[in-house]
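>>> Using only what follows, build the 3D model:
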Amino acid sequence: MTTGAIHPRHPIAAALLSLALPGLGQLYNGEINKALWLFIAFVSIGVPGMTIAALYVPAVLMLPVLLASVLLTLTIWLGSVVSAWRVAARAQVYQRQEWQTSGLYALLLLTGNLFIAIFLIGTMRDRMVQSFFIPSASMEPGILRGDVLFADKRYNCPGCGSRVERGDVGIFVYPNDRTQYYIKRVIGLPGDHIVISGHAVSINGVSLTRNQTEIGGDITATEQSGGHTWQVHWNASAAGSSTDLVVPPGQIFLLGDNRGLSSDSRQFGSVPMVDLKGKARQLWFSRGKTGVRWSRLGMVLK
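Okay, here's the model as predicted:
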């Protein structure tokens, strides 16, 4: 076809292009500047906005900032679709430019989505923050089955300035299946002498237990190490467990807070420090048998 030939703009095509990638429908309509700014706004607010909400804002503002980021991203996306439809509907007769070809639209669609999926989402997830769903009760009473949390991926990485401490809730690669992540509490650091006898845990001769209550053979205890304080649960079946070891160099010892229902370093041994991939930071959603647990949304994990 000749350059500058008269071609009608199709509203459905324009809307679908912007639905596939914000700004692409505007490019189809010949609105180059508008297309560029819509795409920049979409990629600048979406994933970065969620990352800021997860890592940098105060806990009380996490959910409002997260929701605002999602709503603003959706508004830009849907606004791009509606705008592309309306402009195309008003310009039924349109002089197409030489560069406006189906091949270019396909290339931009592929490149734009790869940029969003691989560079933005992939980089943020691998290096900054990742969401995890909790499928088990092994970290109760602090973390419940059905919780969804943000984990700080800057934790335990070279140059990030974040040290691993006893009491941290860590996300790590499960030693017996490296395709899975587990969540447990860091109890022992390299060189620590760990002793578990009955319901008591001590590190280098110092007990973690500060107080405990017993109901029907089950024990709920408060443990403390450094600036971390947390609650653990022991049931009667866990009363006979015992461990006495020194954590090897370059490794850590982890326990679930629900000591009777947790598969942890008592079973699979200590974990290489390099396999510790994140630190649980804050809940952004939680759902149980009775529905959404609204009181837990935004809760900072300790």
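
>>> isn't there a strand covering residue 150?
Yes. Counting by DSSP: H, G, I helix; E, B strand; the rest coil, residue 150 is found in a strand.

>>> Isn't it up against residue 281?
Yes. Shown here, residue 150 and residue 281 form a contact pair, counting by CB atoms under 8 Å, at 5.1 Å. C-beta coordinates here come from the backbone N, C-alpha and C atoms, glycine included.

>>> Around residue 156, count how many other residues there are.
As a burial measure, the neighbour count of residue 156 was computed by other CB atoms under 10 Å and equals 23.

>>> what pairs with the closest residue to it other than its chain neighbours across the strands?
In space, not counting the residues next to it along the chain, residue 156 is nearest to residue 276; the distance is 4.8 Å by CB to CB, 6 or more residues apart in numbering. With DSSP bridges as the criterion, residue 276 is bridged to residue 172.

>>> ok, back up a step: more neighbours: which of residue 150 and residue 281?
Comparing residue 150 with residue 281 by neighbour count (other CB under 10 Å), the higher total belongs to residue 150, at 25 against 19.

>>> Contact partners for that one?
For residue 150, the contacting residues are 54-55, 129-131, 280-284, taking CB atoms under 8 Å, 6 or more residues apart in numbering as the criterion.

>>> By neighbours, which of those residues wins?
Of all the contacts of residue 150, the most densely surrounded is residue 280 (26 neighbours; neighbours counted as other CB under 10 Å).

>>> ok, then the element right after the host helix or strand of it?
Residue 280 belongs to strand 276-288 when assigned by DSSP states H and E. Using DSSP H and E, the helix or strand that directly follows strand 276-288 along the chain is strand 291-292.

>>> can you give me the strands in the stretch 151-300 of the chain?
Shown for the stretch 151-300 of the chain, the strands assigned by DSSP state E, counting those that start in this stretch span residues 169-173, 181-188, 193-197, 200-203, 206-207, 209-215, 218-225, 228-234, 242-246, 251-255, 271-272, 276-288, 291-292.

>>> Quick check: neighbours shared by residue 150 and residue 281?
In terms of CB under 8 Å, 6+ apart, residue 150 and residue 281 are both contacted by the residues 54-55, 129.

>>> Closest to residue 69 out of those?
Looking at these and their distance to residue 69, the nearest is residue 54, at 10.0 Å (CB to CB).

>>> in the helix or strand hosting that closest one, what's buried?
Take DSSP H and E as the rule and residue 54 turns out to sit in helix 32-55. Along helix 32-55, these residues count as buried under the neighbour rule (16 or more other CB atoms under 10 Å): 34-35, 38-39, 41-43, 45-47, 49-55.

>>> and that helix with strand 276-288, angle?
Between the direction of helix 32-55 and that of strand 276-288, the angle (axes from the mean of the first three to the mean of the last three CA atoms, to 10 degrees) works out to 90 degrees.

>>> roughly how far is helix 32-55 from the heart of the chain?
Computed by CA atoms, centre = their mean, to the nearest Å, the chain-centroid distance of helix 32-55 equals 18 Å.

>>> Mind listing residues that contact it?
Around helix 32-55, the neighbours that count as contacts under CB under 8 Å, 6+ apart are 18, 21-27, 61-63, 65-66, 68-70, 72-73, 76-77, 79-80, 83, 112, 115-116, 120-121, 124, 128-129, 150, 152, 154, 281-282, 284.
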